[in-house]
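Engineer: The following block contains a protein sequence and its predicted model.
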2 protein chains.
Amino acid sequence: MPGTTATTQPAPGAAGLRERKKQRTRDALTRAAMELFTTRGFERTTVDEIAESVEVSQRTFFRYFSNKEQAALAVEELIEGHFLAALRERPATEPPLEALRNALLGTWDDVNTAIHEVVPLDLYMRMYQVIETTPALLAARMRRQAETEQRISAEIARREGLDPAVDLRPRVLVAAFGGVIRAASGYWGKCADDSVEQMRRSVADHLNTLGAALIGGWRTQDT
Amino acid sequence: MPGTTATTQPAPGAAGLRERKKQRTRDALTRAAMELFTTRGFERTTVDEIAESVEVSQRTFFRYFSNKEQAALAVEELIEGHFLAALRERPATEPPLEALRNALLGTWDDVNTAIHEVVPLDLYMRMYQVIETTPALLAARMRRQAETEQRISAEIARREGLDPAVDLRPRVLVAAFGGVIRAASGYWGKCADDSVEQMRRSVADHLNTLGAALIGGWRTQDT
DNA sequence: TTGTCAAATGTCAGCCACTGACATAATCTC
DNA sequence: GAGATTATGTCAGTGGCTGACATTTGACAA
């Protein structure tokens, strides 16, 4: 297999040639996949076609992606990875919802540039539409999101010094947070020509609404 | 295809012989599938094996279930169907979260008997474990849950006279509600010998917690 | 009962996602 | 440059899923 190069963490600057080559084929594969998915549709694109267009064997494709869906969701995975990293670096003094909010809005630009290193933005936007209308992709996405929410909850619980097995508040908060994101991006997806900047504002607004209901610290003793 | 007999709505008493036969094979298939999945595991069970154990062709299996996952999630689908029906019948005077809560707790027993008409309860409980540990099933489940949450949000919005495209509160509330359910059932799944009754209590408790933050009506003018 | 229609099932051929095993070729390390 | 690592190609095979068509089975009326 192509070593365990996490999709979310491209090697810093210049690792060995081998690593750089792997990163290139991975990017080429995701890009080719997205290109094909957006033109021909997800199910009407075969893995062989993707592999062929990068001049790589089908087997190699499956060494980079455990399945066809993963290639389609590579960018979203990248985004969530960035978000999680940002969250971990929020100062411990911020109350939960504020940390989530700031992590999201604070890395918005970083994320955009990171995406752009792999695919042009409009390709990603078209891909977004395909995902929204392809059952297999929706399922795969939901699953990943559930996993991510799990990790986020764990991080929130850690920050607040709670036992996530007992106290459900982190989970509930994150579920609500996720709900806002999903609702907002669902809305965004429908207005085809909305800019990314607009979405940022939209999300920010909705998060404010949520805040009214859930904001505030949970710590028993305050520092 | 075997007509559009909704899985969630078994014919009342005695429809034609044809209908009854269909229902019987459908139940037999789900039961056989669950039996095999719980003993052999999901991926190590082939559709041919399921079909064969009911003495039906593989093709017929796929006329009842659009894919292997659906057979594994048939019971959960049944449950969510019941819940949604119950929600629609809650009096319009109840505020949102209370309606959700009452719909859930009020149909608990109905649901249990409905399940029992198809499979023994302990089989369902074992199946629950399998789902929790099988990626493909988690993905399929998440997807269905997302769809259900969507429908629930729509119903809440309707009750409250809100436009779901504009006002995100229904979505957020339902997301939080779903988060509680998922967290509670996740917890339930881990304590192998917990009774269903215990879970009912657990869910009820956690919903109370949530209530403190979100309960109350949203209507602009109260009746 | 019987004839007719519609719906359910079986059979068969085929596509495609995905995997294990082994051979080959490209980097890395010294 | 030799030898250890690691990525890639090739090949054969399994299994999910579908379309097409023939066959059976229950529904309904004459």
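Structural biologist: Happy to help now that I have it.

Engineer: Show me what counts as buried in the single longest helix found in chain A.
Structural biologist: For chain A, the helix with the greatest residue count under DSSP state H is helix A:135-160. Within helix A:135-160, the residues scored as buried using 16 or more other C-beta atoms under 10 Å in any protein chain shown are A:136-146, A:148-150, A:152-153, A:155-157, A:159-160. For glycine as for every other residue, the C-beta is placed from the backbone atoms N, C-alpha and C.

Engineer: what separates residue A:185 from residue A:154, distance-wise?
Structural biologist: 23 Å (C-beta to C-beta, to the nearest Å).

Engineer: Oh, that last question was meant for residue A:208, not what I typed.
Structural biologist: Distance from residue A:208 to residue A:154, by C-beta to C-beta: 26 Å.

Engineer: Same check on residue A:144?
Structural biologist: Counting by C-beta to C-beta, the separation of residue A:144 from residue A:154 is 16 Å.

Engineer: Neighbours of whichever residue of chain A sits closest to DNA strand C, how many?
Structural biologist: Residue nearest to DNA strand C within chain A: residue A:16 (2.5 Å; C-beta to the nearest atom of the strand). When neighbours are counted by other C-beta atoms under 10 Å in any protein chain shown, residue A:16 registers 9.

Engineer: again with residue A:78
Structural biologist: Residue A:78: 20 neighbours (other C-beta under 10 Å).

Engineer: and it, what element?
Structural biologist: Using DSSP states H and E, residue A:78 sits in helix A:74-88.

Engineer: which parts of that helix are buried?
Structural biologist: By neighbour count with 16+ other C-beta under 10 Å, helix A:74-88 contains the buried residues A:74-84, A:86-87.

Engineer: quick one, it and helix A:135-160 angle?
Structural biologist: Using axes from the mean of the first three to the mean of the last three C-alpha atoms, to 10 degrees, the inter-axis angle of helix A:74-88 relative to helix A:135-160 is 10 degrees.

Engineer: after helix A:74-88, next one along is what?
Structural biologist: helix A:96-106.

Engineer: Kindly export the helix or strand just after that following helix (C-alpha atoms) in CSV.
Structural biologist: On the C-terminal side of helix A:96-106, the closest following helix or strand by DSSP H and E is helix A:108-116. C-alpha atoms of helix A:108-116 as CSV (Å, rounded to 0.1, in the frame of the first residue of the first chain):
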residue,chain,number,x,y,z
TRP,A,108,-12.4,29.4,6.9
ASP,A,109,-9.6,31.0,4.7
ASP,A,110,-7.0,28.4,5.5
VAL,A,111,-9.5,25.7,4.4
ASN,A,112,-10.3,27.5,1.2
THR,A,113,-6.6,27.7,0.2
ALA,A,114,-6.0,24.1,1.2
ILE,A,115,-8.9,23.0,-1.1
HIS,A,116,-7.5,25.1,-3.9
